[in-house]
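[1] quick one, structure for this:
(2 chains)
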Amino acid sequence: MLESLPELVNDDPVLLRRGRFLSTRFLVGIGETEYLVDVREGRIERVARGPFVMPSWCFALRGGADAWSQFWKKIPPPGYHDLFALAKRGLLTIEGDLHPLMANLFYIKGVLAAPRRLGGRS
Amino acid sequence: MAAAIDPIVGRYVHMSLGGRAHRIYFEEAGEGIPLVCLHTAGADGRQFRHLMADRAVTDHYRVLAFDLPWHGKSTPPDGWEREEYRLTTAAYTEAIRAFCAALDLEKPVVLGCSIGGRIVLNLAIAHAAEFRALIGLEAADFQTPWYDTTWLHRPDVNGGEVCAGLVSGLLAPESPDVARWETLWMYMQGGPGVFKGDLHFYRVDGDLRGRVAAIDTRVCPLYLLTGEYDFSCTPEDTQRTAAQIAGVEVVVMKELGHFPMSENPEQFRRYILPVLDRIRSQR
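    Now for the predicted structure:
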């Protein structure tokens, strides 16, 4: 799912514009698998899949495989439709330096929701 | 050629709140039973513009929505620049009752969403005899915090965008884009620290746990409607609250979130019209 982020995001002018001030690296944990997402001025430069040796990242969003799978449905069920919905229910942890996340919240939410467009599995 | 003009009229009413002069903006449409609508935290009365354009409502109800001080077109009281805004149960209750008194409303119905839903519970506890009926949208006796509100008012984070970005998850996925983004736009326009100050009431001062059992729905009927996608006030939160109140009516609204009247008015009217019809048939 996350491997498709560069094509999903970098062709979306609205999302690119939202993220134009953001350059960062964040970690996404999906079950046991970790991904590092490199952002440069709103473009997704790289998505690397772990395991990693001494990964350096700014903030991390970790959730179970089922939680992400529900989140990425075209119409997610209640409680799985938003990162904070998952976090409130203990299905997602959000940690690290949260400033880039909070200062670019629409962008990050847009990036992480983008795989819903790959579609169909509802 | 005559342009289309909404059937909504806005005016300013002068009221004293907390011993200080206020100039409160309110809008209204329709004729009949007064229906006072309370907007959510960090937003304003524009959330009710669809309700106000609905003849099925305005043929029977005089729909009114006022902006709380610091919100929308109700400016803060003089001297605001020296204060940190914090909403309290007492101030919120006073504002509602003062508005009803200022307009000489006779036993109005009050419909409130989110913080408006919470204060409706407080009105039911403490002032039930003054109202014909009380409707709480996205209402419960308590809300479990799910983020640090310091993020809402900091110089290094855009206040409007972080407020809207946080609440964006509270809308249902099915809500139409146009209504969704209009709802979020209102959050982006909120004054600095205002949404945060409202949440002081929502999370701290307005905690009604242990108190809702005192509500007597024979004095004033109470309706609680909550959207299934609302995770700030979940249907479970509302049902937990309702379980303590004899005679309350509870409805879980499908395909709706925290802003039912604003995010998907077509879907919302399916739920609110039967409630409004019930209320006006009860004399």
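[2] now the residue in the stretch 1-150 of chain B that chain A sits nearest to: closest residue in space, sequence neighbours ignored.
    Closest residue of the stretch 1-150 of chain B to chain A, CB to the nearest CB: B:Trp146 (4.0 Å). Yep, even glycine has a C-beta here, placed from its N, CA and C like the rest. Closest residue in space to B:Trp146, ignoring its immediate chain neighbours: A:Lys88 at 4.0 Å, by CB to CB, 6 or more residues apart in numbering or on different chains.
[3] and that neighbour, how many neighbours does it have?
    Look at A:Lys88: counted by other CB atoms under 10 Å in any protein chain shown, it has 19 neighbours.
[4] follow-up on the earlier one: check contacts around the residue of the stretch 1-150 of chain B closest to chain A.
    The neighbours of B:Trp146, taking CB atoms under 8 Å, 6 or more residues apart in numbering or on different chains as the test, are A:84, A:87-88, B:231-232.
[5] TSV for these, including distance to B:Tyr61 and secondary structure?
    Output for those, formatted as TSV (distance: CB to CB, whole Å; DSSP: H, G, I helix; E, B strand; the rest coil):
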residue	distance to B:Tyr61	secondary structure
A:Phe84	35	helix
A:Ala87	39	helix
A:Lys88	35	helix
B:Phe231	30	coil
B:Ser232	27	coil
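[6] what's the closest of these to B:Asn122?
    For those, the minimum distance to B:Asn122 (CB to CB) is 18.0 Å, reached by B:Ser232.
[7] looking at chain A, which helix is longest?
    If you go by DSSP state H, chain A has its longest helix at helix A:105-113.
[8] list the helices and strands that helix packs on?
    Counting contacts by 3 or more CB pairs under 8 Å, 6 or more residues apart in numbering or on different chains; DSSP states H and E, helix A:105-113 packs against helix A:5-10, helix A:13-18, helix B:159-167.
[9] on the three-state scheme, B:Asp277 is what?
    What DSSP: H, G, I helix; E, B strand; the rest coil gives for B:Asp277 is helix.
[10] what count of nearby residues applies to it?
    B:Asp277 has 13 nearby residues by other CB under 10 Å.
[11] swap in B:Tyr202?
    As a burial measure, B:Tyr202 scores 24 neighbours (other CB under 10 Å).
[12] which bits of chain B sit near chain A?
    Counting by CB under 8 Å from any CB of the partner chain, the residues of chain B close to chain A are B:144, B:146-147, B:151, B:156-158, B:161-162, B:164-166, B:168-170, B:172-174, B:228-229, B:231, B:234.
[13] so which residues of chain A form helices?
    Secondary structure of chain A (DSSP H): helices at A:5-10, A:13-18, A:65-71, A:83-88, A:99-103, A:105-113.
[14] possible to save those helices as CSV with mean pLDDT?
    As requested, the helices of chain A are arranged in CSV below (pLDDT from 0 to 100):
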stretch, mean pLDDT
helix A:5-10, 97
helix A:13-18, 97
helix A:65-71, 98
helix A:83-88, 98
helix A:99-103, 98
helix A:105-113, 98
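[15] doesn't B:Asp230 make contact with the residue nearest to B:Trp146?
    No - at 11.3 Å, A:Lys88 does not count as touching B:Asp230 under the criterion of CB atoms under 8 Å.
[16] run through chain B and note the low-pLDDT ranges.
    B:283 (pLDDT under 70).
[17] how about the helices in it?
    Going by DSSP H, chain B shows helices at B:49-52, B:55-58, B:89-102, B:115-126, B:159-167, B:177-188, B:194-200, B:235-242, B:260-263, B:265-281.
[18] ok so, going back, got TSV for the helices and strands packed on helix A:105-113, with mean neighbour count and distance to A:Gly31 too?
    Output for those, formatted as TSV (neighbours: other CB atoms under 10 Å in any protein chain shown; distance: least, CB to CB, whole Å):
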stretch	mean neighbour count	distance to A:Gly31
helix A:5-10	17	18
helix A:13-18	14	26
helix B:159-167	23	26
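[19] return the member of the contacts of B:Trp146 nearest to B:Val57.
    Of all the contacts of B:Trp146, B:Val57 sits closest to B:Ser232, with 25.5 Å by CB to CB.
[20] which residues of chain A lie near chain B?
    Counting by CB under 8 Å from any CB, the positions of chain A adjacent to chain B are A:75-76, A:78-79, A:81-85, A:87-89, A:98-99, A:102-103, A:105-106, A:109.
[21] quick one: contacts for residue 18?
    All of this refers to chain A. Listed by CB under 8 Å, 6+ apart, the contact set of A:Arg18 reads A:42, A:104, A:106-107, A:110.
[22] to clarify, I was referring to chain B.
    B:77, B:91, B:94.
[23] quick one on the thing from earlier: just say which of the helices of chain B is most tucked in.
    Of all the helices of chain B, helix B:260-263 carries the top mean neighbour count, a mean of 27, counting by mean count of other CB atoms under 10 Å in any protein chain shown.
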